[in-house]
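Participant: need a structure here:
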Amino acid sequence: MKILVGANNENKFAQYIRVFSKYMPEVEVFSLTDFQISDDIDENADSLEENAKDKAKFYGDKAGVTTVSDDTGLFVDALDGAPGLHAKRWHDGTELDRCRKILERLRGLPLEKRSACYDSVLAIYNPKSGKFWTFPSKIEGWIVDEFKGGNGFGYDSIFLTKDYPGKHYAELTTEQIDAINHRGKGLKKFAEFIKNNNF
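Facilitator: Below is the predicted model of the structure:
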């Protein structure tokens, strides 16, 4: 089976390679570069699921092969769910600027009022059948003032995860991240699905 990873982010692609090799080693994984696809798609849908499906369909139709894409948002309870669905466009500037903006708005709040979650959806699209499979997941934790860890991006360095008490998401090993995030969880579920169903 051939599967295209519908993502331009090198960190995402590297993680897909790892989790495919663990859960679906028989799959031949391709990047957008392999198909000479350089287009980007605007993520303007009203939900993570629709964004993930739109990306998978866009790239899948271009390449003509089954495609996997995903979308993630950071939802902070004290900020009424912001930055939310558009985590990258919530505030201008760099990733560091966006982290500092969140911390500025949470200033003075105790840890118990800083609850947050990474909400994610992984979508797989088969252009031959036009069918989608979606796998939602969530990672819960808190936003903290101290930046820690170098194994992540986005808001990972200020996100304290419940899955590994006392650890910032960016402090986790690649194996720990693969075990709890949506790419690892979603592809594990997809592998189980295709073992028991006609794909």
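Participant: Please, where are all the strands along the chain?
Facilitator: Counting by DSSP state E, the chain has strands at residues 2-5, 28-30, 66-76, 83-84, 115-126, 131-143, 159-161.
Participant: Let me have the ones you listed in JSON lines, adding mean pLDDT as columns.
Facilitator: Compiled in JSON lines, the strands of the chain are given as follows (pLDDT from 0 to 100):
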{"stretch": "strand 2-5", "mean pLDDT": "95"}
{"stretch": "strand 28-30", "mean pLDDT": "95"}
{"stretch": "strand 66-76", "mean pLDDT": "94"}
{"stretch": "strand 83-84", "mean pLDDT": "93"}
{"stretch": "strand 115-126", "mean pLDDT": "95"}
{"stretch": "strand 131-143", "mean pLDDT": "94"}
{"stretch": "strand 159-161", "mean pLDDT": "96"}
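Participant: Out of those strands, the one nearest R100 is which?
Facilitator: Closest to R100 of these, according to Cβ to Cβ: strand 131-143, at 11.7 Å. Heads up, the C-betas are built off the backbone N, CA and C, glycines and all.
Participant: Pull out the buried residues from that closest one.
Facilitator: W133, T134, F135, S137, I139, G141, W142, I143 (16 or more other Cβ atoms under 10 Å).
Participant: Okay, I124 and S115: tell me how far apart.
Facilitator: Separation of I124 from S115 (Cβ to Cβ, to the nearest Å): 30 Å.
Participant: Between those two, which is the more surrounded one?
Facilitator: In this comparison of I124 against S115, neighbours counted by other Cβ atoms under 10 Å, the higher total goes to I124 at 26 against 15.
Participant: Can you add distance to E43 and give the buried residues of strand 131-143 back as a markdown table?
Facilitator: Shown next, in a markdown table, are those (distance: Cβ to Cβ, whole Å):
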| residue | distance to E43 |
| --- | --- |
| W133 | 20 |
| T134 | 16 |
| F135 | 18 |
| S137 | 18 |
| I139 | 20 |
| G141 | 23 |
| W142 | 26 |
| I143 | 23 |
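Participant: Y125 pairs with what?
Facilitator: Partner residues in beta bridges with Y125: T67, F132, with DSSP bridges as the criterion.
Participant: Tell me which residue lies nearest the centroid of the chain.
Facilitator: Central residue check for the chain by Cα atoms, centre = their mean: the C-alpha nearest the mean position is that of T72, 4.5 Å away.
Participant: Would you confirm that it contacts Y118?
Facilitator: Yes - the pair T72 and Y118 qualifies as a contact (Cβ atoms under 8 Å) at a distance of 5.8 Å.
Participant: what is in contact with those two at once?
Facilitator: Taking Cβ atoms under 8 Å, 6 or more residues apart in numbering as the contact rule, T72 and Y118 both touch H182.
Participant: mind checking how far K113 is from A7?
Facilitator: Looking at K113 against A7, where the rule is Cβ to Cβ, the gap reads 34 Å.
Participant: Looking at those two, which has the bigger crowd around it?
Facilitator: When K113 is set against A7 and neighbours are counted by other Cβ under 10 Å, the residue ahead is A7, at 20 against 12.
Participant: residues contacting the more buried one?
Facilitator: Each residue near A7 by Cβ under 8 Å, 6+ apart is listed here: F13, Y16, L32, K55, S69, D70.
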